[in-house]
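Asker: Here is a sequence with its predicted model. Questions after.
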Amino acid sequence: MDTTRIGLAPDAELTLSPRVRSWLRRRSWRADDWTAAQLAALKGERTVSVVIPARDEEETVGQIVRTIRTALMEEDQLVDDVLVVDSRSQDDTARVAAEAGARVVAQDAVLRPLPGMHGKGEALWKGLAATSGDLVVFVDGDLYDFTAGYVIGLLGPLLTDPGVDYVKGFYHRPLVNGSHTDADGGGRVTELVARPLLNMYWPDLAGFVQPLAGEYAGRRDVLESIPFVTHYGVEVAHLIDLLRWRGLDALAQVDLGMRTHRHQSTQALGRMAGQIMLTVMDRLDRSGRLAAQEAPSTLLAQFRRAAGGVDRELVVTDLAVQERPPLRTVRPPRPPG
Ligand SMILES: O=c1ccn([C@@H]2O[C@H](COP(=O)(O)OP(=O)(O)O)[C@@H](O)[C@H]2O)c(=O)[nH]1
Ligand SMILES: O=C(O)[C@@H](COP(=O)(O)O)O[C@H]1O[C@H](CO)[C@@H](O)[C@H](O)[C@H]1O
């Protein structure tokens, strides 16, 4: 049931494909569509693990763990295990997480005979390996406004619809820079790299409001059946691989409201963007599309904050470009001098 209120911008001349529009209506929810008590009752024998990848997150990881423990393990028994994967932190992340009540594992101590790999994707994969929940929820460790609703919303579709395998969160993402806040400036790599590429080559994924969201959940049997790209390509690869393997209807998204987190530098995001582009090119190569046999879609779906009964409005732009031939083919080169 689409309760997220995503409307089409009044001046829109283009829209999404009928398949994606239908998906957007049927596979988009809001975190407050469920309560922890309702889902805890629905859970039955199924178990839930929360995995928090954390590199140098001593300032924020403790509050996230305490919120999960208090609301979702003590008040309502929705979550069975919360694990923090200490991803080679140089600060007190491990101690802070343990004191808050999390299990903590060092990324390189999991599946030790294997040589350690690097980055966020490695931390997530090791977290999957070090947990056993039938359902697994991934939550970044650098969130400032995390609420239990994030976990409740992500689990809602998985506990109520057997056809859903994987759920992404979405939210408004302010960019907080000291005393200045840009209300929708966050998600810079999403807006500048991931969303355009996904719209060009996998337009069925155009309905994801936050394709790189660090908060998502899935069924263990599915998560253990897909690769995890190391570093920051992990999220974009999940969507591409799952679309191909399980189909669009196995994917869903939930409105979690607002998300503020520790922002990386532009340079760090440049590296993240490069990893994401390499991941995308790898997926194109695997599907034989790198030779650009098939022209990419030129339509770009974007979502902007709106008023008047909708939380956000969809704007689709045709990015098609034309090309002038070399000037020298239109007029003879100018004589020197
Ligand atoms: O090698 C890494 C890189 C990142 N992270 C964690 O993954 C989450 C998201 O990473 P980050 O905040 O760097 O990405 P951003 O949210 O800025 O895109 C955070 O909890 C990081 O501590 C990690 O565990 N290992
Ligand atoms: O969405 C994005 O553009 C980046 C950067 O966000 P900001 O511009 O710092 O708000 O953050 C996400 O991307 C990473 C790569 O997929 C994820 O690992 C992060 O969890 C997510 O926050």
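Answerer: Thanks, I have it. Numbers count the residues shown, from 1 in each chain. Ligands and ions are numbered 1, 2, ... in the order given.

Asker: ok, which stretches of the protein are strands?
Answerer: Along the chain, counting by DSSP state E, strands occupy 6-8, 28-30, 48-54, 81-86, 103-106, 135-138, 166-172, 175-177, 180-182, 216-219, 251-258, 299-305, 312-318.

Asker: could you dump the ones you listed to CSV with mean neighbour count and distance to ligand 2?
Answerer: From N, CA and C alone the C-beta is placed, and that goes for glycine too. Rendered in CSV, the data for the strands of the chain read as follows (neighbours: other C-beta atoms under 10 Å; distance: least, C-beta to the nearest ligand atom, whole Å):
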stretch, mean neighbour count, distance to ligand 2
strand 6-8, 17, 19
strand 28-30, 22, 19
strand 48-54, 28, 8
strand 81-86, 26, 13
strand 103-106, 18, 19
strand 135-138, 26, 9
strand 166-172, 24, 10
strand 175-177, 14, 6
strand 180-182, 10, 10
strand 216-219, 26, 9
strand 251-258, 24, 12
strand 299-305, 17, 13
strand 312-318, 18, 16
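
Asker: Using a markdown table, lay out these together with mean pLDDT.
Answerer: Conversion of the strands of the chain to a markdown table gives the following (pLDDT from 0 to 100):
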| stretch | mean pLDDT |
| --- | --- |
| strand 6-8 | 82 |
| strand 28-30 | 96 |
| strand 48-54 | 98 |
| strand 81-86 | 98 |
| strand 103-106 | 98 |
| strand 135-138 | 97 |
| strand 166-172 | 97 |
| strand 175-177 | 87 |
| strand 180-182 | 89 |
| strand 216-219 | 98 |
| strand 251-258 | 96 |
| strand 299-305 | 78 |
| strand 312-318 | 80 |
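
Asker: what does this protein put close to ligand 1?
Answerer: Residues of the chain found near ligand 1 (C-beta under 6 Å from any ligand atom) are 53-55, 57, 87, 119-120, 123, 140-142, 214, 261-262, 264.

Asker: among those, which are in helices?
Answerer: Using DSSP state H, the members of the residues of the chain next to ligand 1 that fall in helices are 120, 123.

Asker: in the stretch 101-250 of the chain, which spans are helices?
Answerer: Along the stretch 101-250 of the chain, counting by DSSP state H, counting those that start in this stretch, helices occupy 120-129, 148-160, 188-189, 195-201, 220-223, 234-246.

Asker: what comes into contact with the last one?
Answerer: Residues outside helix 234-246 that contact it (C-beta atoms under 8 Å, 6 or more residues apart in numbering): 120-121, 124, 165-166, 168, 194, 197-198, 202, 204-205, 208, 211-214, 216, 222, 225-229, 250-251, 276, 279-280, 283, 287.

Asker: Check the fifth one too.
Answerer: Judged by C-beta under 8 Å, 6+ apart, the contacts made with helix 220-223 from elsewhere in the structure are 128, 132-136, 165-166, 242, 246, 250.

Asker: Could I get the buried residue list for stretch 278-295?
Answerer: Buried residues in stretch 278-295, counting neighbours by 16 or more other C-beta atoms under 10 Å, are found at 279-280, 283-284.

Asker: Just the CA trace of the lengthiest helix in the chain, in PDB.
Answerer: As assigned by DSSP H, the longest helix anywhere in the chain is helix 266-286. The C-alpha trace of helix 266-286 is given here as PDB (Å, rounded to 0.1, in the frame of the first residue of the first chain):
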ATOM      1  CA  THR A 266      34.200  16.000  -1.000                       C
ATOM      2  CA  GLN A 267      37.400  14.100  -1.700                       C
ATOM      3  CA  ALA A 268      36.300  11.100   0.300                       C
ATOM      4  CA  LEU A 269      33.000  11.200  -1.600                       C
ATOM      5  CA  GLY A 270      35.000  11.400  -4.800                       C
ATOM      6  CA  ARG A 271      36.600   8.000  -3.900                       C
ATOM      7  CA  MET A 272      33.300   6.600  -3.000                       C
ATOM      8  CA  ALA A 273      31.900   7.800  -6.300                       C
ATOM      9  CA  GLY A 274      34.800   6.100  -8.100                       C
ATOM     10  CA  GLN A 275      34.100   2.900  -6.300                       C
ATOM     11  CA  ILE A 276      30.500   3.100  -7.200                       C
ATOM     12  CA  MET A 277      31.300   3.800 -10.900                       C
ATOM     13  CA  LEU A 278      33.700   0.900 -11.000                       C
ATOM     14  CA  THR A 279      31.000  -1.400  -9.500                       C
ATOM     15  CA  VAL A 280      28.500  -0.200 -12.100                       C
ATOM     16  CA  MET A 281      30.900  -0.700 -15.000                       C
ATOM     17  CA  ASP A 282      31.700  -4.200 -13.600                       C
ATOM     18  CA  ARG A 283      28.000  -5.000 -13.600                       C
ATOM     19  CA  LEU A 284      27.600  -3.600 -17.100                       C
ATOM     20  CA  ASP A 285      30.500  -5.700 -18.300                       C
ATOM     21  CA  ARG A 286      29.100  -8.900 -16.700                       C
END
